[in-house]
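Colleague: pasting a predicted model and its sequence here:
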Amino acid sequence: MSNKIEFNLIKVINIFGIDFYNGAITVRDLIEIMDVAEFNPWESPLTGYQRKLDVSKVNKIAERTISNLGSPEAMVDAINLNIRQKDAVAYIKPLDKQNDRYGGFHTLTYINSLGSAFLVDGQHRAKGLQAAVSQLKNDKKLNEANQLLDTYINISLTLTEDIYKEAYTFYLINQYAKNVSPDGATRLMVEGFENGSVEFKNEVTSDGTKTTVDDIQSAKIADMLSANSVVWANRIKDYNEKGAGKVSVRAMSMMIKPTFLRVSKALLDNGSSLDPVVVTYELVEIFWKSLSKVFPDMFSPVKGKNYGITKSSQAEVMMKVLTYIFLVHNTEWKQRGYNFGDVKKNDSWEKVLVTLRKFKDENNGLPPRKVTGQDCWIVGSAGSMGKYTSASAKINIARILADHIEGELNISRNNPQSLI
């Protein structure tokens, strides 16, 4: 790395306590100082937030850049950078020392001790430039490589050591200007909120937010299941994780939310001081553990691949059934003469869920035929549950399952229509 790089900047605006600067630097300097803060689901506290690099996208940017060196169209938008060094602002000086103002011209003397400039937005474009330079050098096209290296590109620069403010900048750019994946937005919200980031807390609690405190709490429960659950520990994927057939952490948190809201209300109504996050986690865990004991084949490492009960849509249906049972087990069911028992014990759940072994449905085959018990959850047309994918269909089959359970337990009908 060079000992010193001079940047010319314009001080533009202050947002959530950070000054933003616009400027231009050469591709050579960008490649020398840039770094990517990629999200790692296994690191805590947060060290990064970026999506995994899409190599095909990088290659396309590189190809387009090489084909039009005189007008690199992929660089039409600014690349956002942040320097995390605590004292970095000391290296920015106004050209007019008496007029350190917004809209004024400044210089940044970049030295090695400032560390990397992290790519907040534009990582694929920056990596595409880097790949283009490498390709030109590999092809011995040194004049073209130097032409690209000497090309100036637009940048937006911030200086904050607070990674949560850096991540919040990324969130705002992508949430309101471009598309950040729902999983990514949820993960950043959870990490920022839980670690006390004022900006993320304000975002969660504001009137116009897409993510609420209940969403954060539900996502925490999904995280707990991913880390500790007997059933779900290897079946949930986080932002930047791959896993065909796994349920995304956001999808799981959305399934959990209705149960969490019901549990929270029940605890509040009873004047309980128990943590609804912990209670909901324990409830979800014992429900799925009991299901796995009733239907061991569906959850086994080998035979389980033939069943879809842990796929997103089918798991959502079962979570609706769980929510219904929780609501009525100690109220309507008790009034109608059924003693559920201790909601925290496997036996209580197993004697309820074992009734699903007799559940019958019509599969999706041609011609359709009746299937019973676990065969309803066989993947493909041989099973029946795969056909319930729309929101209304999932609600309807959850009601049918709840009605079947009550019928098998000889509980007079409560009509689950109003509660699922």
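Modeller: Structure's in. What do you need?

Colleague: so what's the residue count around Lys387?
Modeller: Using other CB atoms under 10 Å, Lys387 has 16 neighbouring residues. Heads up, the C-betas are built off the backbone N, CA and C, glycines and all.

Colleague: how about the secondary structure of Ile309?
Modeller: Following DSSP: H, G, I helix; E, B strand; the rest coil, Ile309 is assigned to coil.

Colleague: ok, the residue nearest to it when sequence neighbours are not counted - contacts?
Modeller: Nearest residue to Ile309, sequence neighbours excluded (CB to CB, 6 or more residues apart in numbering): Trp377, at 4.6 Å. Contacts of Trp377 were listed using CB atoms under 8 Å, 6 or more residues apart in numbering, and they are Phe295, Met298, Tyr307, Gly308, Ile309, Gln314, Gly383, Met385.

Colleague: so the fifth one touches Gly386, yeah?
Modeller: Spelled out, it's Ile309. No - taking contacts as CB atoms under 8 Å, Ile309 lies outside contact range of Gly386: 10.6 Å.

Colleague: neighbour count for these two, which is higher?
Modeller: Neighbours per residue (other CB under 10 Å) separate Ile309 from Gly386, with Ile309 holding more: 23 against 19.

Colleague: torsion angles phi and psi at that one?
Modeller: With angles defined as degrees, to the nearest 10, Ile309 sits at phi -60, psi -30.

Colleague: just to revisit the earlier point, just the pLDDT for the residue nearest to Ile309.
Modeller: pLDDT, Trp377: 97.

Colleague: tell me the spacing between it and Tyr324.
Modeller: Between Trp377 and Tyr324 the distance is 19 Å, computed by CB to CB, to the nearest Å.

Colleague: kindly report the same for Asp150.
Modeller: Separation of Asp150 from Tyr324 (CB to CB): 67 Å.

Colleague: what does Lys140 give?
Modeller: Distance of Lys140 to Tyr324, computed by CB to CB: 69 Å.

Colleague: same question for Thr169.
Modeller: Computed as CB to CB, the Thr169 to Tyr324 distance reads 43 Å.

Colleague: ok, now Asn22?
Modeller: From Asn22 to Tyr324 the distance is 55 Å (CB to CB).

Colleague: of these two, who's got more company?
Modeller: Neighbour count, other CB under 10 Å: between Asn22 and Tyr324, Tyr324 has more, with 24 against 14.

Colleague: I'd like the average pLDDT over the longest helix seen in the chain.
Modeller: The residue-count maximum for a helix in the chain (DSSP state H) belongs to helix 249-269. Averaged across helix 249-269, the pLDDT comes to 93.

Colleague: count of residues packed around Asn143?
Modeller: For Asn143, using other CB under 10 Å, the count is 10.

Colleague: report the buried members of the contacts of Trp377.
Modeller: Burial by neighbour count, 16 or more other CB atoms under 10 Å: within those this picks out Phe295, Met298, Tyr307, Gly308, Ile309, Gln314, Gly383, Met385.

Colleague: distance check, the first one against Ala233.
Modeller: Noted for Phe295: a distance of 18 Å to Ala233, by CB to CB.

Colleague: low pLDDT regions in the stretch 301-420 of the chain?
Modeller: Filtered on pLDDT under 70, the stretch 301-420 of the chain yields the residue ranges 413-420.

Colleague: can you give me the helices in it?
Modeller: In the stretch 301-420 of the chain, the segments counted as helices under DSSP state H, counting those that start in this stretch are 312-328, 332-335, 346-353, 391-408.

Colleague: pick the most deeply packed of those helices.
Modeller: Ranked by mean neighbour count, the helices of the stretch 301-420 of the chain are led by helix 312-328 with a mean of 22 (mean count of other CB atoms under 10 Å).

Colleague: now do the strands in the protein.
Modeller: For the chain, the strands defined by DSSP state E cover 4-15, 18-26, 34-35, 79-83, 92-94, 105-111, 117-121, 152-159, 236-237, 247-248, 360-362, 370-372.

Colleague: where exactly do the helices run in the stretch 1-150 of the chain?
Modeller: Counting by DSSP H, counting those that start in this stretch, the helices of the stretch 1-150 of the chain are 27-33, 55-67, 123-138, 142-149.

Colleague: nearest to Asn99, out of those helices?
Modeller: Nearest to Asn99 among the helices of the stretch 1-150 of the chain is helix 27-33 (26.3 Å), distances taken as CB to CB.

Colleague: roughly how far is the closest one from the heart of the chain?
Modeller: How far helix 27-33 lies from its chain's middle: 31 Å, per CA atoms, centre = their mean, to the nearest Å.

Colleague: Leu95: how many residues sit nearby?
Modeller: For Leu95, the count of nearby residues is 12 (other CB under 10 Å).

Colleague: please shift the residue numbers so they start at 633 in all later answers.
Modeller: Noted, 633 is the first residue going forward, which turns the last one into Leu727.

Colleague: beta partners for the closest residue to it other than its chain neighbours?
Modeller: Excluding the flanking residues, the one nearest Leu727 by CB to CB, 6+ apart is Phe737, at 4.5 Å. With DSSP bridges as the criterion, Phe737 is bridged to Ile642.

Colleague: kindly report the same for the one 5 residues further on.
Modeller: For Tyr742, the residues forming beta bridges with it (DSSP bridges) are Ile637.

Colleague: these two touch, right, it and Tyr723?
Modeller: Yes - at 7.0 Å, Tyr742 counts as touching Tyr723 under the criterion of CB under 8 Å.

Colleague: related to what we said a few turns ago, how about the buried ones among the contacts of Trp1009 in a markdown table, adding distance to Ile637?
Modeller: Formatted as a markdown table, the buried ones among the contacts of Trp1009 follow (distance: CB to CB, whole Å):
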| residue | distance to Ile637 |
| --- | --- |
| Phe927 | 63 |
| Met930 | 59 |
| Tyr939 | 58 |
| Gly940 | 55 |
| Ile941 | 57 |
| Gln946 | 55 |
| Gly1015 | 62 |
| Met1017 | 60 |
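
Colleague: pLDDT below threshold where in the stretch 733-882 of the chain?
Modeller: Scanning the stretch 733-882 of the chain with the threshold set as pLDDT under 70 gives 807-843, 871-875.
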